[in-house]
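Q: how would this look folded up:
(chains A and B)
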Number of protein chains: 2
Amino acid sequence: MKEDNIQVLLARRPEGDVTKENFEVVSSPLPELQPGQFLVRNHYLSLDPYMRGRMSDGPSYAQPVAVGDVMVGGTVGEVAASKHADFQPGERVLGFFGWQRFAVSDGTGVTRITEQDLPLSVYLGAVGMPGVTAYIGLMDFGRPKAGETVVVAAASGAVGSVVGQVAKIHGCRAVGIAGGPDKCRYVTGELGLDACVDYKAGRLREDLAAATPDGIDIYFENVGGPILDTVLARMNPFGRIPLCGLISQYNATEPYRVRNFGSLLINRLTVRGFIVSDHLDRWPAALKDLAQWVRDGKIKYRESIVQGIENAPAAFIGLLAGKNFGKQLIDLR
Amino acid sequence: MKEDNIQVLLARRPEGDVTKENFEVVSSPLPELQPGQFLVRNHYLSLDPYMRGRMSDGPSYAQPVAVGDVMVGGTVGEVAASKHADFQPGERVLGFFGWQRFAVSDGTGVTRITEQDLPLSVYLGAVGMPGVTAYIGLMDFGRPKAGETVVVAAASGAVGSVVGQVAKIHGCRAVGIAGGPDKCRYVTGELGLDACVDYKAGRLREDLAAATPDGIDIYFENVGGPILDTVLARMNPFGRIPLCGLISQYNATEPYRVRNFGSLLINRLTVRGFIVSDHLDRWPAALKDLAQWVRDGKIKYRESIVQGIENAPAAFIGLLAGKNFGKQLIDLR
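A: Now for the predicted structure:
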């Protein structure tokens, strides 16, 4: 069987909101494998907020995608053909192959998935980069103590849902912030958090106060904007704020200006910006714990799967607007 | 000789700018000493920005001064009379006796100054609370490495001047920010910092860029406002920002809104709010190092001494406006 590859390229850089015009879907024949190479058929592509940063050439922690290049992204799939001594057809692999159905690799940066008891997609979510982000941010920079109150924004999302559940595992009061009653019901019902505040209900300050009667010791921040200010006003002395994203700001042409910065001084807070790829030494321990918690049912997760690579741009635009519910994946098969 | 005590009370809480009407100067006879008490004649009163916070009853890290109470503050002086077994007349003591010439104590919270080779006033400055603030913030939370660039605001002040010189001792490039050419000349000339940016010259962004060609690794923050935003835009990846004050904000009725908060994420910064009194375990080591550096001439300091307790309110108002030059003291003798 000879299939074409289908790829999504960055067609032009966004100015403000991302639109479909920023992308181009192209088809191209698969290249011949050279000795030492293998072909990966990607099953799932992960869509993540950080990709918005890669689309721009402003200051960022990573190189931008060049215009005309394949959009970057994490993928899971299986080896379809191989001229590489160490990778055999049928093996399951995690890679960073981007927005495309097939990829040719020499093995650099590819992780073989040998465990067979978990579905492949989980390695892009709760037992992948988002889960490790949650784990490192909460455990290493949040340092939760039993009885403390942990608040997490985007609580039904790929990162936030793990943060909340890991906080519960460690004996904390876990409070989510999410958009809409469906997501909030999921956060308290399925995920088991103690409370969830619907930021779209228009009473964020009052509802957050009711949900955090003892104040907030740890705020896991990934959204920014007015939610950050509202949380800052409720932080307890010596609180910690791991900061791994500001999704509300990614499409903004003017940044939100933070009003309650003074809380950092008054409450002697520590705000710690971090990127999960800076902490590769912590990944093995994190992945081991996360996989076990998923097996034990202590971490549940939800996926939002869109069929077909050609629908990735629309799904990504929806992700930035909070329209996904759980981990956003593209099924590439 | 029987003298009256003179005290400065908090007469009413400020709304916005502090004015003389917020204070009242009163005179009262000295009380009789009871057994177990001693009388301290204060030589110097330290004026420090944190006192502005104690004048208000908004959220703070410390109890406000009650209206009608003596304003709080650190003092050095000597025992003038004693019915206490452990304190003898003539001994030099550091206390927190507030804005008054005399105080009666049972010894609680009083530190005996046994070293005789340093002037008493230094224990309110470079070898006192401001110096320890600089030391803990830079060493424990800034963690300077040789060759890194350290920027400190209010660089000619009691805290900032120690920060800059300790940064130099540790092999860093030290850059001050100060108001006006006189202060800047002092910072680079007398204190020996590598550069000083005059924020009043109207070219803060350009001048800071020129003074920090390799970016900024540590920003010791004690002013806030637009200077903070300008510095945030030049922070290097993995930079650290110890935060012990926001003096530009203390009189503000509306807080300055921070624009470049996103730098915390992009550059994976750590912002650490701290108050020196939370870290009493670190004081002995800090004071030992600071005293030795002063003796060795590695830390120089400048004092701005106003005569007379009745002039403390005006001096404090000037301090908040940056009119002092070096450590602000009141000579109470």
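
Q: how far away is the single nearest residue of the stretch 201-333 of chain A relative to chain B from B:Val163?
A: The stretch 201-333 of chain A approaches chain B most closely through A:Arg257 (3.4 Å), counting by CB to the nearest CB. Heads up, the C-betas are built off the backbone N, CA and C, glycines and all. From A:Arg257 across to B:Val163, the span is 27 Å (CB to CB, to the nearest Å).

Q: so for these two, which sits in the more crowded spot?
A: Shown here are A:Arg257 and B:Val163; by other CB atoms under 10 Å in any protein chain shown, B:Val163 has more neighbours (34 against 16).

Q: and that one, how close does it get to chain A?
A: Distance of B:Val163 to chain A, given as CB to the nearest CB, to the nearest Å: 16 Å.

Q: and the pLDDT at that residue?
A: On pLDDT, B:Val163 comes in at 98.

Q: distance between the ends of stretch A:257-271?
A: For stretch A:257-271, the first-to-last residue distance is 16 Å (CA to CA, to the nearest Å).

Q: which residues are in contact with it?
A: By CB atoms under 8 Å, 6 or more residues apart in numbering or on different chains, the residues outside stretch A:257-271 that reach it are A:141, A:221, A:228-229, A:232-233, A:235-241, A:243, B:59-61, B:224, B:228, B:243-246, B:249, B:255-259, B:261, B:264, B:269-275, B:278.

Q: list the contacts of A:Ala81.
A: By CB under 8 Å, 6+ apart, A:Ala81 lies in contact with A:Leu33, A:Phe38, A:Leu39, A:Pro89.

Q: filter the contacts of stretch A:257-271 to the buried ones?
A: Neighbour counting with 16 or more other CB atoms under 10 Å in any protein chain shown marks A:141, A:221, A:228-229, A:232-233, A:235-236, A:239-241, A:243, B:60-61, B:224, B:228, B:243-246, B:249, B:255-259, B:261, B:264, B:269-275 as buried within those.

Q: where do the strands sit along the stretch 1-150 of chain A?
A: For the stretch 1-150 of chain A, the strands defined by DSSP state E, counting those that start in this stretch cover A:4-10, A:23-29, A:38-46, A:75-82, A:92-95, A:102-105, A:111-112, A:149-152.

Q: name the residues of the stretch 51-200 of chain A found near chain B, please.
A: Taking CB under 8 Å from any CB of the partner chain, the part of the stretch 51-200 of chain A that reaches chain B is made up of A:Pro59, A:Ser60, A:Tyr61.

Q: now the strands for the stretch 151-300 of chain A?
A: Shown for the stretch 151-300 of chain A, the strands assigned by DSSP E, counting those that start in this stretch span residues A:173-178, A:195-198, A:216-220, A:235-243, A:270-273.

Q: make CSV from these and add mean pLDDT to it.
A: Putting the strands of the stretch 151-300 of chain A into CSV (pLDDT from 0 to 100) gives the following:
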stretch, mean pLDDT
strand A:173-178, 98
strand A:195-198, 98
strand A:216-220, 98
strand A:235-243, 98
strand A:270-273, 98
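
Q: for A:Asp331, find the nearest of the ones you listed.
A: Set against A:Asp331 and scored by CB to CB, the strands of the stretch 151-300 of chain A come closest in strand A:173-178, at 24.6 Å.

Q: and for the closest one, what's in contact with it?
A: By CB under 8 Å, 6+ apart, the residues outside strand A:173-178 that reach it are A:147-156, A:160, A:163-165, A:167-168, A:184, A:186-188, A:191, A:193-199, A:204, A:208, A:211-212, A:214, A:216, A:223, A:227.
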